[in-house]
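In: Here is my input, please return the structure:
(one chain, ligands or ions: 2)
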Amino acid sequence: MIKAVIFDLDGVIVSTDEYHYLAWKYLADELGIPFDRELNHKLRGVSRLDSLKIILQHSNVDFADHDLDELTDKKNSYYKNMLQELSARSILPGAKELIESLRSVKIKIAVASSSKNAKTILSMIKLFDKFDVITDGNDIENSKPDPEIFLLTSKRLNVPPEDCVVIEDAEAGIEAAKKSGMKQIGIGTNESLPNADIIKKDLSEISLNFILSL
Ligand code: B16
Ligand code: MG
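Out: Ligands and ions are numbered 1, 2, ... in the order given. So this is what the prediction gives:
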């Protein structure tokens, strides 16, 4: 029986996935290397440094020619500038309603985000206090698709993996949830998340009864 729901943040609760895309696009254009939405999809749920490595690999540039820390810092500063526009209006459809209905029946809820900006974002959209546990990119060594973030979150929630369901928009996140032994719901389409057991367009398609039926 489901005792906890673990939400991804970017692209599930809040529309910051678009800012990640725009910030990487800005950096790639500056470097004169290719970057499009298809490649961006592979970066969902992946850490900042690993995302940069994927972008550089696709351009065949030599890593040694670049200071990777300088480039990830640049991308993060573009991204953080965009975050200034964030408000409660950036919360994606159905998120607030699902969070409130889970809280009303005392199902535990957590955020497990690869982002090191996750807590700032949750404060800005005024959802920080709603979760029993928030695990983010500062707490882990290995980002999704490694299961570390979900296993740590399950431990902090004191709920075993088999009683947790993960809601994710990333291929890397679905893979990480599977490896951790949790059920998963993909947010997207069958094409964007071919490995997810269940697919929903957004959180407005997920009811409390649906969660209880899993
Ligand atoms: P940051 P999630 C992930 O967040 C994003 O999907 C991914 O695009 C980003 O590279 C990663 O966080 C790191 O974010 O640069 O802010 O530390 O989807 O796991 O909530
Ligand atoms: Mg995501």
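
In: ok, Ala88 touching Ser123?
Out: No. The pair Ala88 / Ser123 is not scored as a contact, 11.3 Å apart, by Cβ atoms under 8 Å. Where C-beta positions appear, they are placed from N, C-alpha and C, glycine not excepted.

In: So what's the residue count around Ala95?
Out: Burial of Ala95 is recorded as 21 neighbouring residues (other Cβ atoms under 10 Å).

In: roughly how far apart are it and ligand 1?
Out: Separation of Ala95 from ligand 1 (Cβ to the nearest ligand atom, to the nearest Å): 13 Å.

In: Show the contacting residues for the closest residue to ligand 2 within the chain.
Out: Going by Cβ to the ion, ligand 2 is nearest to Gly11 of the chain, at 3.8 Å. Shown in contact with Gly11 (Cβ atoms under 8 Å, 6 or more residues apart in numbering): 17, 44, 92, 169-170, 187.

In: so what's the residue nearest to Glu205 when sequence neighbours are not counted up against?
Out: With sequence-adjacent residues excluded and distances taken as Cβ to Cβ, 6 or more residues apart in numbering, Glu205 is closest to Gly94, at 7.0 Å. Gly94 is in contact with 202-206, counting by Cβ under 8 Å, 6+ apart.

In: Flag every residue of the protein that's near ligand 2.
Out: 8, 10-11, 44, 169-170 (Cβ under 5 Å from the ion).

In: can you give me the helices for the protein?
Out: 16-31, 37-43, 48-59, 68-83, 95-104, 118-124, 148-157, 171-179, 208-213 (DSSP state H).

In: List the contacts of the shortest one.
Out: Here helix 208-213 makes contact (Cβ under 8 Å, 6+ apart) with 1-2, 5, 98, 101-102, 104-105, 107, 165.

In: I'd like these as TSV, with neighbour count appended.
Out: Output for the contacts of helix 208-213, formatted as TSV (neighbours: other Cβ atoms under 10 Å):
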residue	neighbour count
Met1	7
Ile2	18
Val5	24
Leu98	24
Ser101	15
Leu102	21
Ser104	9
Val105	9
Ile107	20
Val165	21
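
In: Distance to Gln57 and pLDDT for those - can I get that in TSV?
Out: Formatted as TSV, the contacts of helix 208-213 follow (distance: Cβ to Cβ, whole Å; pLDDT from 0 to 100):
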residue	distance to Gln57	pLDDT
Met1	42	88
Ile2	38	96
Val5	34	98
Leu98	36	98
Ser101	42	97
Leu102	39	97
Ser104	46	96
Val105	45	96
Ile107	40	97
Val165	33	98
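
In: For Ile54, state which of these is nearest.
Out: Val165 (27.6 Å; Cβ to Cβ).

In: What's opposite that closest one in the beta bridge?
Out: Val5, Lys183 (DSSP bridges).
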